[in-house]
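Novice: Just need the structure, nothing else, for what follows:
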Amino acid sequence: MLKVRQNRGKGGWENMQLHIVDLVIVILYFASLVTISYSIMKKAQQKGNENESFLAADRNMGIVRTAGSGAATDLGGGFSIAMGGLGFSLGISGSWLIGVSALSAVLAALLMAPKIKRWSDRVKGLTTGDLFESRFDKRAGLMAAIAIGLSWWTFVGGQVIAGAKLVSGTIGLSVTATIIIAGAIILVYTAMGGLKGVITLDVYQLVVLTVGVIVILVPLGL
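Specialist: Reported below is the predicted structural model:
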């Protein structure tokens, strides 16, 4: 009986140690996001081009970062969790959706982004609504802005909820509390770094996600 209690106590201590390690990793990860965004903001302030950096990412992100940002957006929390379930239920045939999304990000970076950049450099546009307005009229620009806002509101919300569910299971907080914390952190680093910060952090998080899946999840699944 004493041995059973000792084993239970030992197991509880080990679980608490693992919980502390998980919590420290999550805190360091979120802190790294805010730190990177803050450094981008300070560099933009030193150069005196805060508006260009915040709204248009200095108009100089390049194909690699553009494709990386698109891939990270498509393959973020929602896809990494939902597609894991789809792969579990359908096998390799369930990978077609995520493969198409990755391919679309690359094609958009190679074929679509250069044309949009040439247009934005010519008319000094900052948003997709500006593109429609310059091509048609203000009503078209307003409709495009509303449509994009509504669609991305739901898309980003799904990503935040998916990531919050994953983190809440790791650190032991409720999903609601984790959504509030994650949402606050996203707002902070977006407000500091703007579009340039978001794109840079997209690439950073894509690397973290890729390494995590290949180095950790794949070996565990074999």
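Novice: Show me where this structure has its helices.
Specialist: Taking DSSP state H, the helices of the chain run over residues 2-47, 50-56, 62-74, 77-90, 96-107, 113-123, 128-135, 138-171, 175-211, 218-221.
Novice: What's the mean pLDDT across the third one?
Specialist: Rounded to a whole number, the mean pLDDT of helix 62-74 is 75.
Novice: picking that back up, can you add mean neighbour count and give the helices of the chain back as a markdown table?
Specialist: Quick note: C-beta positions are derived from backbone N, CA and C, even for glycine. Below are those laid out as a markdown table (neighbours: other Cβ atoms under 10 Å):
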| stretch | mean neighbour count |
| --- | --- |
| helix 2-47 | 13 |
| helix 50-56 | 18 |
| helix 62-74 | 19 |
| helix 77-90 | 15 |
| helix 96-107 | 14 |
| helix 113-123 | 13 |
| helix 128-135 | 17 |
| helix 138-171 | 15 |
| helix 175-211 | 17 |
| helix 218-221 | 9 |
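Novice: which ones are touching Gly197?
Specialist: Contact partners of Gly197, counting by Cβ atoms under 8 Å, 6 or more residues apart in numbering, are 36-37, 40-41, 189-190.
Novice: Looking at those, which one is closest to Thr178?
Specialist: The closest of these to Thr178 turns out to be Tyr189 (Cβ to Cβ; 16.7 Å).
Novice: so who does Asp202 touch?
Specialist: 68-69, 72-73.
Novice: Relative to Val34, how far out is it?
Specialist: Between Asp202 and Val34 the distance is 15 Å, computed by Cβ to Cβ, to the nearest Å.
Novice: Check what contacts stretch 174-185 and list those residues.
Specialist: So stretch 174-185 is in contact with 30, 33-34, 160-161, 163-165, 167-168, 171, 173, going by Cβ under 8 Å, 6+ apart.
Novice: can you pull the contacts of Thr190?
Specialist: With Cβ under 8 Å, 6+ apart, Thr190 has these contacts: 37, 197-198.
Novice: May I see those arranged in CSV, with distance to Trp152 as well?
Specialist: Shown next, in CSV, are the contacts of Thr190 (distance: Cβ to Cβ, whole Å):
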residue, distance to Trp152
Ser37, 19
Gly197, 17
Val198, 12
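Novice: Thr128: which of these is nearest?
Specialist: Val198 (15.2 Å).
Novice: And the pLDDT at the closest residue to that closest one other than its chain neighbours?
Specialist: Nearest non-adjacent residue to Val198, counting by Cβ to Cβ, 6 or more residues apart in numbering: Thr190, 5.9 Å away. If you check Thr190, the pLDDT there is 85.
Novice: Please apply the same query to Gly197.
Specialist: 83.
Novice: Equivalent analysis for Met1, please.
Specialist: 45.
Novice: can I get the contacts of Asp202 in CSV with distance to Trp119?
Specialist: Formatted as CSV, the contacts of Asp202 follow (distance: Cβ to Cβ, whole Å):
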residue, distance to Trp119
Gly68, 22
Ser69, 19
Ala72, 24
Thr73, 21
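Novice: Looking at those, which is nearest Ile216?
Specialist: Out of those, the member with the shortest distance to Ile216 (by Cβ to Cβ) is Ala72, at 18.0 Å.
Novice: Sketch out the low-pLDDT regions of the chain for me.
Specialist: Low-confidence segments of the chain (pLDDT under 70): 1-19, 48-53, 57, 74-87, 91, 94-95, 98, 217-222.
Novice: Please consider this matter closed, and thank you.
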